[in-house]
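Visitor: coordinates only, sequence not included:
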């Protein structure tokens, strides 16, 4: 029976990355139901419980090496793993896992990643050397492919697919669960619900007051702002700071960490999403909801361009009036026919990554 190891930012209560893991596991099992999957996780027991996989501690070299030795292939992805903006140490970790797999002569498949930015000269050199040793690369957007080519990566084959989360089957989502969670948080479901997914980032003195002002205006116009943390505890702190800056006390805050299924269910109950977190926008768009992006990273801008949504507002110079006008227009118009058509195409492309991974595994 074939066995793969999944490497990514898993087990850290970051819902975007957990959604990526959930989507990859689902897609791989659809293509190869008997496939054995081991995940490198920060919280192996929780990962095993949530996704029905085997998991090992990503920080214990002996466990990582043991998993790779038994496996037939390493799958690295998705998310934005190969970048040095978060931390050069993070980049070194993921390149190290790939290098270890190659040392054991295992196949390596890069799965629908968003590549870059890689700003440091030594990091670009290292990425080029390591990435050119893998067997197959799929990326989630064309800009990532362009960045990889600009870096000088000439092999292996590169295919642009789409973020794994876009391939999820949403027909099985239990919307009643989202309704219950929102009611428990105090939401009035008779009002339009506008999700707000913030994170802590530089420029908080600009974007937090702007989002607080937007929330106040939404309440005045009859809508209800719902603050939804995607990464605990930092996003919870950002949401609380914004709420403290509001003049009206009616905003709803979802305080506890949600599972991927719960977040999809909640998102399906919203009228729209305003998000810094990339996967808050991806989930909402996948659920057919209009989105407004607050950009702190090129990946946010890339996704909005990909689906044909209005450009993101930059967090460092966001203006309340511009934000309010854009949100009000999107709330009124909903997701456009062009966006819906693009999303259908992206779902098919997202599922292609799993097909290519299994093909690579079996070659």
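Guide: Structure's in. What do you need? Model, not experiment: these values are computed from the prediction.
Visitor: Using the three-state scheme, assign residue 273.
Guide: Under DSSP: H, G, I helix; E, B strand; the rest coil, residue 273 falls in the strand class.
Visitor: ranges for the strands of this structure?
Guide: Using DSSP state E, the strands of the chain run over 3-7, 36-41, 54-57, 73-79, 107-113, 136-139, 158-160, 193-197, 224-227, 252-253, 272-275, 291-295, 313-314.
Visitor: Quick one: work out the angle between the fifth one and strand 3-7.
Guide: For strand 107-113 and strand 3-7, the angle between their directions (axes from the mean of the first three to the mean of the last three C-alpha atoms, to 10 degrees) works out to 50 degrees.
Visitor: Given strand 107-113, what are its sheet partners and their directions?
Guide: Here strand 107-113 has these sheet partners by DSSP bridges: strand 73-79 (parallel), strand 136-139 (parallel).
Visitor: For residue 296, which of these is the nearest?
Guide: strand 73-79 (15.6 Å; C-beta to C-beta). C-beta: built from backbone N, CA, C; applies to glycine.
Visitor: now the angle between strand 36-41 and the closest one, please.
Guide: 50 degrees.
Visitor: start at 198 instead
Guide: With the count now opening at 198, the last piece we talked about shows up as strand 270-276.
Visitor: Need the contact partners of strand 270-276.
Guide: 199, 201-206, 213-214, 217, 220-221, 225, 265, 291, 294-295, 298, 303-311, 331-332, 335, 337, 360-361, 550, 554, 557-558 (C-beta atoms under 8 Å, 6 or more residues apart in numbering).
Visitor: thinking again about what came up before, mind putting the strands of the chain into a markdown table with mean neighbour count and mean pLDDT?
Guide: As requested, the strands of the chain are arranged in a markdown table below (neighbours: other C-beta atoms under 10 Å; pLDDT from 0 to 100):
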| stretch | mean neighbour count | mean pLDDT |
| --- | --- | --- |
| strand 200-204 | 24 | 98 |
| strand 233-238 | 24 | 98 |
| strand 251-254 | 20 | 98 |
| strand 270-276 | 27 | 92 |
| strand 304-310 | 26 | 97 |
| strand 333-336 | 26 | 96 |
| strand 355-357 | 16 | 94 |
| strand 390-394 | 27 | 98 |
| strand 421-424 | 24 | 98 |
| strand 449-450 | 18 | 98 |
| strand 469-472 | 26 | 98 |
| strand 488-492 | 24 | 98 |
| strand 510-511 | 19 | 96 |
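Visitor: pretty sure residue 406 contacts residue 440?
Guide: No: taking contacts as C-beta atoms under 8 Å, residue 406 lies outside contact range of residue 440: 11.9 Å.
Visitor: More neighbours: which of the two?
Guide: residue 440 (20 against 16; other C-beta atoms under 10 Å).
Visitor: was I right about that one contacting residue 416?
Guide: No: look at residue 440 against residue 416 with C-beta under 8 Å: they stay out of range, at 11.7 Å.
Visitor: which residues do the two both contact?
Guide: Counting by C-beta under 8 Å, 6+ apart, the residues touching both residue 440 and residue 416 are residue 448.
Visitor: number of nearby residues for residue 407?
Guide: Counted with other C-beta under 10 Å, residue 407 comes out at 22.
Visitor: cool, and residue 378?
Guide: 18.
Visitor: how close does the closest residue to it other than its chain neighbours sit to residue 457?
Guide: Using C-beta to C-beta, 6 or more residues apart in numbering and skipping the chain neighbours, the partner closest in space to residue 378 is residue 463 (5.7 Å). When C-beta to C-beta, to the nearest Å is the yardstick, residue 463 and residue 457 sit 11 Å from each other.
Visitor: Pick out whichever of those two has more residues nearby.
Guide: residue 463 (27 against 22).
Visitor: does the more buried one really touch residue 449, like I thought?
Guide: No: at 10.6 Å, residue 463 does not count as touching residue 449 under the criterion of C-beta under 8 Å.
Visitor: hey, what's in contact with both of these two?
Guide: residue 379.
Visitor: Need the pLDDT of residue 255.
Guide: Note on residue 255: pLDDT of 98.
Visitor: who are the neighbours in contact with it?
Guide: 204, 207, 208, 237, 238, 239, 261 are the contacts of residue 255 under C-beta under 8 Å, 6+ apart.
Visitor: how about a cut-off of 7 Å?
Guide: 237, 238, 239, 261 (C-beta atoms under 7 Å, 6 or more residues apart in numbering).
Visitor: now residue 471
Guide: Counted by C-beta under 7 Å, 6+ apart, residue 471 has contacts 391, 392, 393, 489, 491, 524.
Visitor: Beta-bridge partners for it, please?
Guide: residue 393, residue 489.
Visitor: any idea how far residue 492 is from it?
Guide: 12 Å.
Visitor: ok, now residue 317?
Guide: 22 Å.
Visitor: Tell me which residues of the longest helix along the chain come out buried.
Guide: For the chain, the helix that runs over the most residues, judged by DSSP state H, is helix 534-559. Going by neighbour count (16 or more other C-beta atoms under 10 Å), the buried part of helix 534-559 is 536, 539-540, 543-544, 546-551, 553-555, 557-558.
Visitor: Outline the domain layout of this structure.
Guide: The chain resolves into domains spanning 200-357, 367-541 when parsed by automatic domain parsing.
Visitor: ok, back up a step: between the contacts of residue 471, which is closest to residue 368?
Guide: Of those, the one sitting nearest to residue 368 (C-beta to C-beta) turns out to be residue 392, at 21.2 Å.
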